[in-house]
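# return atomic coordinates for the entry below.
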Amino acid sequence: MAQRVSAFFSPWETIFEANPQRILERHETITLVPMLLMQGALDDDVLPAVQRTFAETYRAAGGDDDFELFEGAVHEWVAAPGPQTDRAREMVKAFIARHVTR
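Below is the predicted model of the structure:
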């Protein structure tokens, strides 16, 4: 994964410029679209505290986000069938239904 990331962010310093958290902290003019953030509580790749901070910063900037922490879930938890994945799918459907106009 590190090789793919470094290939995309070339030169490497652009990773900091493109970081969504930093964009919000710099108060850049951006479009804040409704956002659904679903986070595994046991995720050790993208830490739950990092996602929670992003959700709070997004809301403080005027964005509308739904942040949901899934207890007992790891990084790619939605890849496996089960009640948590079913719940996540229903949340996505409801989120889209609330934010898409026909």
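# name the helices or strands packed onto the lowest-mean-pLDDT helix or strand in the chain?
Ranked by mean pLDDT, DSSP states H and E, the weakest helix or strand in the chain is helix 2-8, scoring a mean of 76. Using 3 or more C-beta pairs under 8 Å, 6 or more residues apart in numbering; DSSP states H and E as the contact test, no helix or strand touches helix 2-8. (C-beta placed from N, C-alpha, C; glycine too.)
# and the residue sitting nearest the centre point of the chain, how far from residue 14?
The centre of the chain sits closest to residue 37, judged by C-alpha atoms, centre = their mean, with a distance of 4.5 Å. Residue 37 sits 24 Å away from residue 14, going by C-beta to C-beta, to the nearest Å.
# cool, and residue 8?
Taking C-beta to C-beta as the criterion, residue 8 is separated from residue 14 by 9 Å.
# neighbours of the closest residue to residue 45 other than its chain neighbours, how many?
Excluding the flanking residues, the one nearest residue 45 by C-beta to C-beta, 6 or more residues apart in numbering is residue 75, at 4.3 Å. Residues lying near residue 75 (other C-beta atoms under 10 Å) number 13.
# and if you look at residue 100?
Neighbours of residue 100 (other C-beta under 10 Å): 8.
# what pLDDT is listed against it?
Note on residue 100: pLDDT of 87.
# what's the answer for residue 16, then?
We have a pLDDT of 88 for residue 16.
# need phi/psi at it.
Per-residue torsions, residue 16: phi -80, psi -40 (degrees, to the nearest 10).
# how about it, what does it touch?
Contact partners of residue 16, counting by C-beta atoms under 8 Å, 6 or more residues apart in numbering, are residue 22.
# ok, it to residue 23 distance?
Note on residue 16: its distance to residue 23, by C-beta to C-beta, is 10 Å.
# C-terminal to the helix or strand hosting residue 57, what's the next element?
Per DSSP states H and E: residue 57 is located in helix 48-60. Heading C-terminal from helix 48-60, the first helix or strand you meet, by DSSP H and E, is strand 65-70.
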